[in-house]
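Asker: curious how this folds, go ahead:
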Amino acid sequence: MFLASGGNLAIHQNMEPITSGKDSEQKAIDVLYRISTLAGKEKNPLLALEGILDEVMNTFGASSASISLLNADSDKLAIEVERGLSKSSKGFELPRGIGVTGWVAMHGEPLLCPDVSLEERYFQLDDKIRCEMAAPLSEGNRTVGALNVDATETHAFSPADLRLLVLMANEASRVLENMWMIQQLRRKAEQLQTLVLVGQDMAGTRKVEEVLESITREALLLLDCSMSAFFLYESETDELKLNSLQDKSGSLYHEETLNPADSLLGTSLRGHRQVQTRDLFRTEEHHFTGLIREKNLHSMLVTPVVYEDEPIGLLTLYVDRSHRYNDDERLIARALADLGAIAIQNAFLYDRVFSSEEFLRKSERLTTLGTLAAEIAHEIRNPLMVVRLLFDSLELSEQADSHQEKDLLIIREKLNDLDQIAGRILDFGKSREAFRVQCPMREIMTEAALLVRLKLEQSKVTLTMNEPGADYMVFVDKGQIQQALLNLILNALGAMPNGGHLTLETAVEENRWVRVLVKDTGRGIPEEFKNRIFDSFLTARVGGTGLGLTISKRIMRAHDGDLELMESTAQGTVFRLSLPIVE
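Answerer: Okay, here's the model as predicted:
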């Protein structure tokens with residue numbers, strides 16, 4: 001007995017036996033014929049099962065009957081259709097080998113129990129059942145379920161009835177196998193068509209992010225998953241970084257970075273092979289730990305995305321039940337990953353081509369700008385020389401007080417800087433090493449602050465300088481470093497049109513580097529500019545040239561240092577200049 005009987009159908013007491021005679025043979029032929037025609041009448045296997053069960057009930061006059069099929073994930077028998085069973089039978093699963101139905105499914109042999117009270121294999125769920133018989137349902141050479149018939153009287157079924165039930169079960173198996181095959185072919189055709197459309201769609205996508213979104217979205221639809229994710233592999237850092245995550249409601253925001261060695265995902269990445277697990281709760285996984293519990297995800301399939309033997313990333317699929325991915329599902333996931341690998345590579349290639357074109361355009365603009373700058377420098381140098389000669393001839397220093405004398409020294413120094421700048425433009429490409437000297441970092445910062453003191457007052461910006469205790473020496477072209485620092489200060493003032501606070505903070509790292517932080521309380525850098533802030537001609541300010549930060553970074557790197565954007569929010573921006581300390 002598989003499930004409890006709760007129906008009101010009674011056994012036909014006067015039913016003619018179907019064990020012998022031409023009439024019985026004709027009835028058997030008729031019922032088998034009607035079962036065989038179900039394949040042509042019904043496209044849905046579930047409706048065909050119901051039709052088969054109706055024939056069984058009418059043929060044997062049973063009180064109840066059911067068709068149970070093996071669940072590949074749980075390895076238990078579950079009812080697909082039933083007649084005359086109680087409501088408590090719904091959702092009941094029976095392990096193989098338990099009860100009459102379980103024994104038949106395990107051994108692939110029919111079984112008749114004329115009196116269930118004498119059958120030790122009988123599993124009682126309803127004390128009204130007195131007689132039961134069952135026959136196996138097969139697909140190829142394996143048993144996939146059982147056809148079960150019950151009666152409320154003992155000896156209600158005969159060996160001849162069992163033989164007919166076996167014939168009916170065999171015919172039902174053939175019908176179902178054909179229908180399942182047709183259904184499977186239809187599904188494969190739909191999946192193939194979807195893969196072709198997905199491939200065409202991804203081939204026309206130029207952005208890597210959009211390709212990854214497309215892969216995870218289509219994986220959900222093709223394989224009926226609860227959640228799908230794509231991890232891009234960064235070979236330089238040997239890390240897997242989550243780039244796309246979706247469930248049936250759409251895209252999800254989640255940050256995840258993994259060391260391949262710490263996860264099952266690494267096995268798939270290193271071996272270029274698919275890996276699956278049926279129970280995520282029993283494996284030591286270190287990714288999506290919160291999401292796995294929150295969404296009650298049980299099983300996972302990991303598919304490597306590889307292009308010309310080089311790993312690009314991983315496509316991971318999750319379901320909220322214990323599930324073993326079959327060959328067809330793994331094949332679909334592999335095909336989607338292969339299409340995705342080509343599309344991702346195309347997107348990378350397009351990005352490189354686009355970057356190259358952009359670089360060529362910038363180079364052309366810089367060449368034009370360089371020619372124009374050389375012409376301007378040539379024209380400026382002569383009048384600048386006149387200004388210097390006249391300034392020196394005035395002999396103002398003899399009449400000036402100490403404060404004015406310092407201002408005159410700075411004016412003379414800046415006139416020299418202007419002359420050097422004009423000379424550098426004209427002598428572009430020549431080494432600047434000859435202009436470098438050992439200089440205190442504090443002096444560079446103090447003079448830069450002095451140069452902008454009037455601009456600070458006009459902008460209503462207060463300046464705070466936090467200097468280190470010692471005066472660290474750097475080997476630099478003093479004018480160039482001041483130029484880089486002034487560019488940052490002037491940019492900061494432009495970001496604070498209504499006033500604010502500017503901080504120059506100096507720190508030393510490991511007695512090897514001197515770091516200068518330039519902090520403002522301005523409106524911050526637009527998000528779309530942050531990754532390209534040092535590109536030439538990039539500016540969000542009206543009247544800006546987009547060259548200040550580019551030149552400043554070039555100056556710092558030429559001095560074996562660097563200029564970095566550390567932070568930028570609506571509350572302010574922080575840049576950091578770094579220079580090596582002279583030992």
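Asker: the most centrally placed residue in the chain: what's it in contact with?
Answerer: In the chain, the centroid-proximal residue (C-alpha atoms, centre = their mean) is Ser244; its distance is 2.4 Å. Residues in contact with Ser244 (C-beta atoms under 8 Å, 6 or more residues apart in numbering) are 209, 212-213, 215-216, 229-230, 251. Heads up, the C-betas are built off the backbone N, CA and C, glycines and all.
Asker: which one among the residues you listed gets closest to Phe435?
Answerer: Checking the contacts of Ser244 against Phe435 with C-beta to C-beta, the nearest one is Glu209 at 45.9 Å.
Asker: mind checking the SS state of that closest one?
Answerer: Following DSSP: H, G, I helix; E, B strand; the rest coil, the label given to Glu209 is helix.
Asker: quick one, grab the pLDDT at the residue nearest to the centre of the chain.
Answerer: Ser244 carries a pLDDT value of 91.
Asker: next one: Ser138
Answerer: pLDDT, Ser138: 88.
Asker: put the alpha carbons of the host helix or strand of it into PDB.
Answerer: If you go by DSSP states H and E, Ser138 is part of strand 131-139. Taking C-alpha atoms only, strand 131-139 is exported to PDB below (Å, rounded to 0.1, in the frame of the first residue of the first chain):
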ATOM      1  CA  CYS A 131      -6.200  -6.100  -1.100                       C
ATOM      2  CA  GLU A 132      -3.500  -4.300  -3.100                       C
ATOM      3  CA  MET A 133      -1.500  -4.900  -6.300                       C
ATOM      4  CA  ALA A 134       1.200  -2.900  -8.100                       C
ATOM      5  CA  ALA A 135       3.200  -3.000 -11.300                       C
ATOM      6  CA  PRO A 136       6.400  -1.200 -12.200                       C
ATOM      7  CA  LEU A 137       6.600   1.700 -14.600                       C
ATOM      8  CA  SER A 138       9.800   1.700 -16.700                       C
ATOM      9  CA  GLU A 139      11.900   4.100 -18.900                       C
END
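Asker: what's the offset of that strand from the middle of its chain?
Answerer: On the basis of C-alpha atoms, centre = their mean, to the nearest Å, strand 131-139 sits 47 Å off its chain's mean C-alpha point.
Asker: after that strand, which helix or strand is next?
Answerer: Next helix or strand after strand 131-139 toward the C-terminus (DSSP H and E): strand 142-151.
Asker: next SSE after that next one?
Answerer: Beyond strand 142-151 in the direction of the C-terminus, DSSP H and E gives the next helix or strand as helix 159-203.
Asker: picking up where we left off before, and the strand holding Ser138, which strands flank it?
Answerer: Sheet pairing of strand 131-139 (DSSP bridges) gives strand 111-113 (antiparallel), strand 142-151 (antiparallel).
Asker: domain parsing for the protein?
Answerer: Using automatic domain parsing, the domain parsing of the chain gives 22-185, 204-351, 432-580.
Asker: let's have the ones you listed in TSV, adding distance to Ala422.
Answerer: Listed next are those as TSV, based on distance: least, C-beta to C-beta, whole Å:
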stretch	distance to Ala422
domain 22-185	79
domain 204-351	39
domain 432-580	12
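Asker: show me the one of the ones you listed that comes nearest Ile410.
Answerer: Distance to Ile410, taken as C-beta to C-beta, is lowest for domain 432-580 among those, at 6.7 Å.
Asker: if we can go back for a sec, CSV for the strands paired with strand 131-139, including mean neighbour count and mean pLDDT?
Answerer: CSV is the format used below for the strands paired with strand 131-139 (neighbours: other C-beta atoms under 10 Å; pLDDT from 0 to 100):
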stretch, mean neighbour count, mean pLDDT
strand 111-113, 20, 93
strand 142-151, 25, 91
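Asker: nearest to Leu94, out of the ones you listed?
Answerer: So among those, strand 142-151 is nearest, using C-beta to C-beta, at 9.5 Å.
Asker: restricting to C-alpha, output that closest one in CSV.
Answerer: The C-alpha coordinates for strand 142-151 follow below in CSV (Å, rounded to 0.1, in the frame of the first residue of the first chain):
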residue,chain,number,x,y,z
ARG,A,142,15.3,1.5,-15.3
THR,A,143,12.2,1.6,-13.1
VAL,A,144,10.9,5.1,-12.7
GLY,A,145,7.7,4.5,-10.7
ALA,A,146,4.8,2.2,-10.0
LEU,A,147,1.1,1.8,-10.9
ASN,A,148,-0.8,1.0,-7.7
VAL,A,149,-4.4,-0.4,-7.2
ASP,A,150,-6.3,-0.9,-3.9
ALA,A,151,-9.5,-2.6,-2.9
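Asker: the helices in this structure, which residues?
Answerer: With DSSP state H as the criterion, the chain has helices at 22-36, 38-41, 45-60, 99-107, 159-203, 208-223, 264-271, 289-294, 327-394, 402-426, 441-451, 453-459, 478-494, 548-558.
Asker: quick one: which of these is nearest Asp471?
Answerer: Each of the helices of the chain has some distance to Asp471 by C-beta to C-beta; the shortest is helix 441-451, at 5.0 Å.
Asker: pLDDT below threshold where in the stretch 1-150 of the chain?
Answerer: 1-24, 39-40, 88-91 (pLDDT under 70).
Asker: burial of Asp75, as a residue count?
Answerer: The tally of other residues near Asp75 (other C-beta atoms under 10 Å) stands at 12.
Asker: that one and Arg96 touch, don't they?
Answerer: Yes: if you go by C-beta atoms under 8 Å, Asp75 and Arg96 touch, sitting 6.7 Å apart.
Asker: where does pLDDT dip in the stretch 401-550 of the chain?
Answerer: 401-402, 424-434, 469, 536-547.
Asker: turn the strands paired with strand 131-139 into a markdown table, columns for distance to Ser235.
Answerer: A markdown table is the format used below for the strands paired with strand 131-139 (distance: least, C-beta to C-beta, whole Å):
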| stretch | distance to Ser235 |
| --- | --- |
| strand 111-113 | 61 |
| strand 142-151 | 45 |
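Asker: Leu258: which of those is closest?
Answerer: Nearest to Leu258 among the strands paired with strand 131-139 is strand 142-151; the distance by C-beta to C-beta comes to 39.2 Å.
Asker: residues in contact with Tyr472?
Answerer: For Tyr472, the contacting residues are 440-442, 508, 514, 581, by C-beta under 8 Å, 6+ apart.
Asker: mind putting the contacts of Ser244 in JSON lines, pLDDT and neighbour count included?
Answerer: Listed next are the contacts of Ser244 as JSON lines, based on pLDDT from 0 to 100; neighbours: other C-beta atoms under 10 Å:
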{"residue": "Glu209", "pLDDT": "85", "neighbour count": "11"}
{"residue": "Leu212", "pLDDT": "86", "neighbour count": "28"}
{"residue": "Glu213", "pLDDT": "87", "neighbour count": "18"}
{"residue": "Ile215", "pLDDT": "85", "neighbour count": "27"}
{"residue": "Thr216", "pLDDT": "88", "neighbour count": "25"}
{"residue": "Ala229", "pLDDT": "92", "neighbour count": "30"}
{"residue": "Phe230", "pLDDT": "93", "neighbour count": "26"}
{"residue": "Ser251", "pLDDT": "89", "neighbour count": "12"}
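Asker: any idea how far Leu94 is from Ser86?
Answerer: From Ser86 over to Leu94 the distance is 15 Å, taken as C-beta to C-beta, to the nearest Å.
Asker: start to end distance for stretch 297-315?
Answerer: End-to-end span of stretch 297-315 (C-alpha to C-alpha, to the nearest Å): 16 Å.
Asker: buried sites along that stretch?
Answerer: Residues 297-306, 311-315 are the ones in stretch 297-315 that count as buried (16 or more other C-beta atoms under 10 Å).
Asker: which of the residues you listed sits closest to Ser322?
Answerer: Using C-beta to C-beta, His298 comes nearest to Ser322 of those, at 4.9 Å.
Asker: what's the closest non-adjacent residue to the closest one?
Answerer: Ser322 (4.9 Å; C-beta to C-beta, 6 or more residues apart in numbering).
Asker: just give me the neighbour total for Gln483.
Answerer: Counted with other C-beta under 10 Å, residues neighbouring Gln483 total 17.
Asker: name all residues that make contact with it.
Answerer: Applying C-beta under 8 Å, 6+ apart, the residues contacting Gln483 are 417, 551-552, 555.
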